[in-house]
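Colleague: Sequence first, predicted model second:
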Amino acid sequence: MENHRNKKLILIIDDEADLAVVLAQLIAGAGFGVVVASDGVDGLEKAKSLRPDAVILDVAMPKLDGWGFCERFRSDPSFKRTPVIILTAWLSDDLTRKANAAGANGIMLKPYDEKKLIGRLRELCESASHNLAGGKR
Amino acid sequence: MGNPIAEQRIKVLLIEDDPDCVLLVSLHLGEACGPNARYVIQSAETLAGARELLSSQDFDVVLLDLMLPDSQGLDGLAALRRQAPDLPVVVMTNLNDEEVGLQAIEQGAQDFLVKQKIDALVLKRAIGYARERSHLLSQFEGIIEGSAEGMLVVERTGRVLYVNPAALSFFGQKRDELLNRSFDFPLSPGTRREIRWKCNDAEKVGELRVAALEWRKDEAFLASIHDITELRKFEQLKAEIKERRRIDELKDEFLSTVSHELRSPLTVIKAVVVNLWEGLAGPMSGPQNELVKIAVRNVERLARIINNVLDISRLESGHAQVCPAPVDLARLVKETVDGARLVNTQGRISVNLQSREEATLVFADPDMLSQVLHNLLDNAMRFAKSKVEVSVSAPTPDQVQVTVIDDGPGIPKERLPELFDKFVQVNRPKGGSGYKGTGLGLAICHEILRLNEGRIWVESEPGSGTRFHFVVPRHVGTAAPQAFTHGKSSK
């Protein structure tokens, strides 16, 4: 059904309400539809009901953090190919490896570069819909 | 193991001035059996003669008459014990001298015999028991003397009656410095505690245990001391290491938390100004636009400073994980140069790339290398008048070198040695709107190359630009270069 929307829907999951507002504005300004969730649990619920085309995910969050979200999100077969970009302010050496292991499609350190974020989001959404169109099961 | 006493011949020193008694003993011990006799007897008529024999020969047992021409009573026994403390002695007394015999036992004789009652069996048994007892005694003494555990016998009054070598070594004193002196530590049976003792400027730590003991019919204490000095030192060292590790972890955690706490609001501020600038909150006037542009520039600078401070602390702390992999250095340089050309939108500065080398596979951490290239290129673009040249070469068969040259103002010779130190900025471009550095970029490059077994250096002269060079080890092997990884953004 997500194919019938005229805009790609991006789910932003971040407990930092201020950032969520501004990020939503940026992403909406780039022509996407936006929905915001305030933690991993909220994120999973909204993902199930709204079927987003991509997820922008914070790591440190109450209730269910970004890694926990990824694990549950990816364990749902219908979300196996939905792009996930992690945005985090936590810096650690094995961040890239952790993100790969969690099944994320990209990771960016906050403060992120807006142009790069939008660029990556477009790229991932396009290749995801391409895969969907080409690879019917 | 056979019984040694049964198999060896026993050498007896008989000290007796009465020839009848000498004959009697010889008969009882069957010396007449000749070369197969079990007992070999040597006799001396005087104590002096016996002592002479003792100084030149070994004996297994002494039979001592207490009534000798040159010694009466127990003095002879004492003299013998002094000369040969380990030699078992059986004294021989007359019918009415049993009391003296008992005293002799108290003073170290193994047994006593009444001359008038001696027969072969009594004599042989006395000799056998005497040897066996003495043998057992010396065995136990050997154990105590050789024990690593310090042992002291202390009288109820606190006077030291016995001390073994391990105790002497624990206290770092000689036997006569401890023996018969008063013991400094309070004792009561059942005690188990730690004692500390200053010995030649070093403190010894021992575990003291006290047990009740009977010593020559009197109540006494057995104090045993287990030397735990080394153990305590080791434990202390372990605790120190643990503490150091804990502090390191706290520091890392602190850095990480500070990083997060600084980045989070900064991210929001940056997102806000970028949205304003992009017109996402409606159109802005020219002066408004100008102000927001300044805000964006400075927020980006703040982000750079935070990243650099964290990078350098991580690199210097030794906690940075270096993940070396085969990397095509020329390709990485080209990607970085392309990126720099994109940012350099005004096109004020031309960037030329020269690669004189075909095989440029190196073995290093790709993210780290990319950061070095980015920092060097960033510096060069900041200081260049009109052009930056980047080249890749191979000065030696096992190294690949990158050189970044700018035609900027150059660096005074005296500032070159400190260039890779932290917070050093040379010839910082003046003026309000220029890109400002953090004074950490080159220090980070230096640390990264150190961690990747490479090297970085600089050549410069005022007025004729600056040349930065670095080398990294060439990759040896056949593994394919690592695919481009998504590095950390906003570096």
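Modeller: Received the coordinates, thanks. Numbering: from 1, shown residues only, chains lettered A, B, ... in the order given.
Colleague: contacting residues for the residue in the stretch 51-200 of chain B that chain A sits nearest to?
Modeller: Here the stretch 51-200 of chain B gets closest to chain A at one residue, residue B:194, 43.9 Å apart by Cβ to the nearest Cβ. Every C-beta, even on glycine, is put in place using the N, C-alpha and C of the backbone. By Cβ atoms under 8 Å, 6 or more residues apart in numbering or on different chains, the contact set of residue B:194 is B:205-208, B:228.
Colleague: Looking at those residues, state which has the most neighbours.
Modeller: residue B:206 (24 neighbours; other Cβ atoms under 10 Å in any protein chain shown).
Colleague: Next up, the contacts around the residue nearest to it when sequence neighbours are not counted.
Modeller: Once flanking residues are discounted, residue B:206 sits nearest to residue B:225: 4.3 Å by Cβ to Cβ, 6 or more residues apart in numbering or on different chains. Counting by Cβ under 8 Å, 6+ apart, residue B:225 makes contact with B:149-152, B:166-167, B:170, B:195, B:206-209.
Colleague: other SSEs contacting the longest helix along chain A?
Modeller: The longest helix of chain A (DSSP state H) is helix A:114-134. Applying 3 or more Cβ pairs under 8 Å, 6 or more residues apart in numbering or on different chains; DSSP states H and E, we find helix A:114-134 packed against helix A:17-29, strand A:54-58, strand A:84-88, strand A:106-109.
Colleague: Would you format those as JSON lines with mean neighbour count and distance to chain B included?
Modeller: Listed next are the helices and strands packed on helix A:114-134 as JSON lines, based on neighbours: other Cβ atoms under 10 Å in any protein chain shown; distance: least, Cβ to the nearest Cβ, whole Å:
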{"stretch": "helix A:17-29", "mean neighbour count": "19", "distance to chain B": "4"}
{"stretch": "strand A:54-58", "mean neighbour count": "26", "distance to chain B": "10"}
{"stretch": "strand A:84-88", "mean neighbour count": "23", "distance to chain B": "8"}
{"stretch": "strand A:106-109", "mean neighbour count": "23", "distance to chain B": "5"}
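Colleague: now these as CSV including distance to residue B:405?
Modeller: Formatted as CSV, the helices and strands packed on helix A:114-134 follow (distance: least, Cβ to Cβ, whole Å):
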stretch, distance to residue B:405
helix A:17-29, 39
strand A:54-58, 41
strand A:84-88, 37
strand A:106-109, 31
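Colleague: Could you say which one of these comes nearest to residue B:21?
Modeller: Closest of the helices and strands packed on helix A:114-134 to residue B:21 is strand A:84-88, at 105.5 Å (criterion: Cβ to Cβ).
Colleague: The closest one - which strands sit beside it in the sheet, and in what orientation?
Modeller: strand A:54-58 (parallel), strand A:106-109 (parallel) (DSSP bridges).
Colleague: so which of the helices and strands packed on helix A:114-134 gets nearest residue B:257?
Modeller: strand A:84-88 (13.5 Å).
Colleague: What lies in contact with the closest one?
Modeller: Here strand A:84-88 has contacts from A:14, A:54-60, A:66, A:70, A:73, A:95, A:99, A:102-110, A:112, A:117, A:120-121, A:124, using Cβ under 8 Å, 6+ apart.
Colleague: distance of residue B:415 from residue B:299?
Modeller: Distance of residue B:415 to residue B:299, computed by Cβ to Cβ, to the nearest Å: 30 Å.
Colleague: and those two? which has more neighbours close in?
Modeller: residue B:299 (19 against 14).
Colleague: which residues touch residue 63?
Modeller: If you meant another chain, say so; for now it's chain A. By Cβ under 8 Å, 6+ apart, the neighbours of residue A:63 are A:39-42.
Colleague: ah, no, chain B please
Modeller: B:12-16, B:25, B:90, B:92, B:113, B:127.
Colleague: still on that earlier bit, run through the bridge partners of the residue of the stretch 51-200 of chain B closest to chain A.
Modeller: Taking DSSP bridges as the rule, residue B:194 bridges to residue B:207.
Colleague: Show me where the stretch 351-491 of chain B dips below the pLDDT cut-off.
Modeller: Along the stretch 351-491 of chain B, segments meeting pLDDT under 70 span B:356-358, B:426-437, B:478-491.
Colleague: go again using 80 as the cut-off
Modeller: B:351-359, B:422-439, B:477-491 (pLDDT under 80).
Colleague: In it, what residue spans correspond to helices?
Modeller: Using DSSP state H, counting those that start in this stretch, the helices of the stretch 351-491 of chain B run over residues B:366-383, B:441-451.
Colleague: I'd like those helices laid out as a markdown table, including distance to residue B:273 and mean neighbour count.
Modeller: Shown next, in a markdown table, are these (distance: least, Cβ to Cβ, whole Å; neighbours: other Cβ atoms under 10 Å in any protein chain shown):
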| stretch | distance to residue B:273 | mean neighbour count |
| --- | --- | --- |
| helix B:366-383 | 22 | 22 |
| helix B:441-451 | 24 | 22 |
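Colleague: can you redo those helices as TSV with distance to residue B:8?
Modeller: Shown next, in TSV, are these (distance: least, Cβ to Cβ, whole Å):
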stretch	distance to residue B:8
helix B:366-383	80
helix B:441-451	74
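Colleague: Let me know which of those helices is the nearest to chain A.
Modeller: Nearest to chain A, of the helices of the stretch 351-491 of chain B and by Cβ to the nearest Cβ, is helix B:366-383 at 7.7 Å.
Colleague: Let's see that closest one as CSV, backbone CA atoms only.
Modeller: Taking Å, rounded to 0.1, in the frame of the first residue of the first chain, the C-alpha atoms of helix B:366-383 are listed here in CSV:
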residue,chain,number,x,y,z
PRO,B,366,41.0,3.6,6.2
ASP,B,367,38.8,6.0,8.3
MET,B,368,41.9,7.4,10.0
LEU,B,369,43.8,7.8,6.8
SER,B,370,40.8,9.6,5.3
GLN,B,371,40.9,12.0,8.3
VAL,B,372,44.6,12.7,7.8
LEU,B,373,44.0,13.5,4.2
HIS,B,374,41.0,15.6,4.9
ASN,B,375,42.9,17.6,7.6
LEU,B,376,46.0,18.2,5.4
LEU,B,377,43.9,19.2,2.4
ASP,B,378,41.7,21.4,4.6
ASN,B,379,44.8,23.2,5.9
ALA,B,380,46.4,23.6,2.5
MET,B,381,43.2,25.1,1.1
ARG,B,382,43.0,27.5,4.0
PHE,B,383,46.5,28.8,3.6
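Colleague: Which secondary structure elements does that helix sit against?
Modeller: Using 3+ Cβ pairs under 8 Å, 6+ apart as the test, helix B:366-383 ends up in contact with strand B:325-328, helix B:329-343, strand B:387-393, strand B:399-406, helix B:441-451, strand B:466-473.
Colleague: Among these, single out whichever gets nearest to residue A:30.
Modeller: helix B:329-343 (19.1 Å).
Colleague: and the closest one, is it in reach of chain A?
Modeller: No: shown here: helix B:329-343 not in contact with chain A (Cβ under 8 Å from any Cβ of the partner chain), separated by at least 10.3 Å.
Colleague: and that helix with helix B:366-383, angle?
Modeller: 40 degrees (axes from the mean of the first three to the mean of the last three Cα atoms, to 10 degrees).
Colleague: and residue A:99, how many neighbours?
Modeller: Residue A:99, neighbours per other Cβ under 10 Å, totals 24.
Colleague: cool, residue A:116 as well?
Modeller: Counted with other Cβ under 10 Å, the neighbours of residue A:116 add up to 14.
Colleague: To which secondary structure element is the residue lying closest to residue B:451 once chain neighbours are set aside assigned?
Modeller: Nearest non-adjacent residue to residue B:451, counting by Cβ to Cβ, 6+ apart: residue B:322, 5.0 Å away. Using DSSP states H and E, residue B:322 sits in no helix or strand.
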